[in-house]
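*Asks:* Have a look at this prediction, sequence included:
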Amino acid sequence: MVVNNNKQIPINMIKIYKLIFLTIFLSGCGNQIYQQQLYVFGTLVEIKIWGVNEQVANDAINIIGKDFQTMHNNWHPWQEGLLTDLNKTIANGQTWTVKDPSLLSMLKQAQQLYNQSDGLFNPAIGKLIALWGFHTNDLSNNFTVPSAKAINKLLTPSMNDIEINGEQISSKNSDVQLDFGAFAKGYAIDIAINKLKQLGINNAIVNAGGNLKAIGKKGQQPWVIGVRHPTGSGILAAITVNGEESIITSGDYERFHELEGNRYSHIIDPRNGKPTEELTSVTVIHKNGAIADAAATALTIAGLKNWHKIAKQMGIEYAMLVDKNETIYINPAMQKRVQFQTIFNIVVTEKLK
């Protein structure tokens, strides 16, 4: 079983990356699994490949590792790179010329998902995320709750404020600051899986800190994914992968501040500028990792009242939500896919499709 396990790892740890992998060799049924791990995107990334020889597997993982490092450098929301260059240009009211085609593609898809989610998935609120102290490598530092005045000043940015004309990007709203933290890892695993297929690898898993995508099988057996319990104590459920799928979990345990017994999640509601409180985790299945990643965030923000509506608009067929009381809300199609590891209070909702 592969654990869909988010880990809060300081982003500065990726500086030791340098394409050094922890390699684990596993064998079974006369075939081999090659499993390697690296730190990138501020988290532990695990790659598993089945059914090819060691050289092919290692070469493929080296290629993906280099690609991930480039993505990390280009998309980082606060360390100097292409995204921070773009954000500075927007803040100065200037026009930026695209230097990375993948960044332009991300922007276009993010705009589409922003509108499908009624604005709940909103990568334009980077200044709000920074205001809550999440643009840092060390979340153990002193934290204070921002004032209502400071929050309200930063509620205006939206993805529709971004103007794209060919390779030119601009915005009339200087408060727009892009942060793809709720989207980039899902987008990256899509690229990684496509690269593996181009290299002739058809059975693999790429897991970027709970953002997981799989193709094929492990021999005659399907990949089985373990979803972490939001309390951090063991496994909540197991999910069997069908072909090419992304299984992505967003939770308030990934990155957070604690103050006076209260937990302040990194998932910010763009409507009120505050961390979400109602749900502790949301798991989504979709073929496209970027869509699943954005949807998991959007459903977390939508909450129990509106998640069904947002899921339908974003084309989500499978969703599982866990609230603060550890009650699980699950649609019938997802219920058929999930095997729970213990007894929970489960509410089966109406169908999504």
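*Replies:* Okay, I see it.

*Asks:* Got the phi and psi for residue 319?
*Replies:* Backbone torsions for residue 319, taken as degrees, to the nearest 10, come to phi -150, psi 140.

*Asks:* And it, how far from residue 236?
*Replies:* 14 Å (Cβ to Cβ, to the nearest Å). Quick note: C-beta positions are derived from backbone N, CA and C, even for glycine.

*Asks:* Next: residue 125.
*Replies:* 29 Å.

*Asks:* Can I take it that residue 293 is in a strand?
*Replies:* No: Residue 293: not assigned to a strand; according to DSSP: H, G, I helix; E, B strand; the rest coil it is helix.

*Asks:* which residues touch it?
*Replies:* Residues near residue 293 by Cβ atoms under 8 Å, 6 or more residues apart in numbering: 182, 183, 184, 185, 186, 187, 211, 246, 248, 250.

*Asks:* quick one, helices of the stretch 51-200 of the chain?
*Replies:* Counting by DSSP state H, counting those that start in this stretch, the stretch 51-200 of the chain has helices at residues 54-75, 82-91, 101-116, 126-131, 148-152, 184-198.

*Asks:* Just tell me which of the ones you listed ends up closest to residue 273.
*Replies:* The closest of the helices of the stretch 51-200 of the chain to residue 273 is helix 148-152. By Cβ to Cβ, the value is 3.9 Å.

*Asks:* For that closest one, buried residues please.
*Replies:* residue 151 (16 or more other Cβ atoms under 10 Å).

*Asks:* and what of stretch 326-345?
*Replies:* 328, 329, 330, 331, 334, 337, 338, 340.

*Asks:* cool, and stretch 185-197?
*Replies:* 185, 186, 187, 188, 189, 190, 191, 192, 193, 196.

*Asks:* Kindly provide the whole-number mean pLDDT of the helix or strand residue 207 falls within.
*Replies:* For residue 207, the element it lies in under DSSP states H and E is strand 204-208. Summarised as a single mean, pLDDT over strand 204-208 is 94.

*Asks:* Give me the distance from that strand to the chain's centre.
*Replies:* 13 Å (Cα atoms, centre = their mean, to the nearest Å).

*Asks:* contact partners of the next helix or strand after it?
*Replies:* Per DSSP H and E, the first helix or strand lying C-terminal to strand 204-208 is strand 211-215. Strand 211-215 is contacted by residues 2, 4, 185-186, 188-190, 192-193, 196-197, 202-206, 223, 225, 241, 243-248, 289, 293 when judged by Cβ under 8 Å, 6+ apart.

*Asks:* Next one: residue 125 from residue 296, what distance?
*Replies:* 17 Å.

*Asks:* List the backbone torsions phi and psi for residue 119.
*Replies:* phi 80, psi 0.

*Asks:* List the contacts of it.
*Replies:* 158, 159, 270, 271.

*Asks:* Repeat that for residue 339.
*Replies:* 237, 238, 239, 240.

*Asks:* What about those residues, which one has the most neighbours?
*Replies:* Within these, most neighbours by other Cβ atoms under 10 Å means residue 239, with 25 neighbours.
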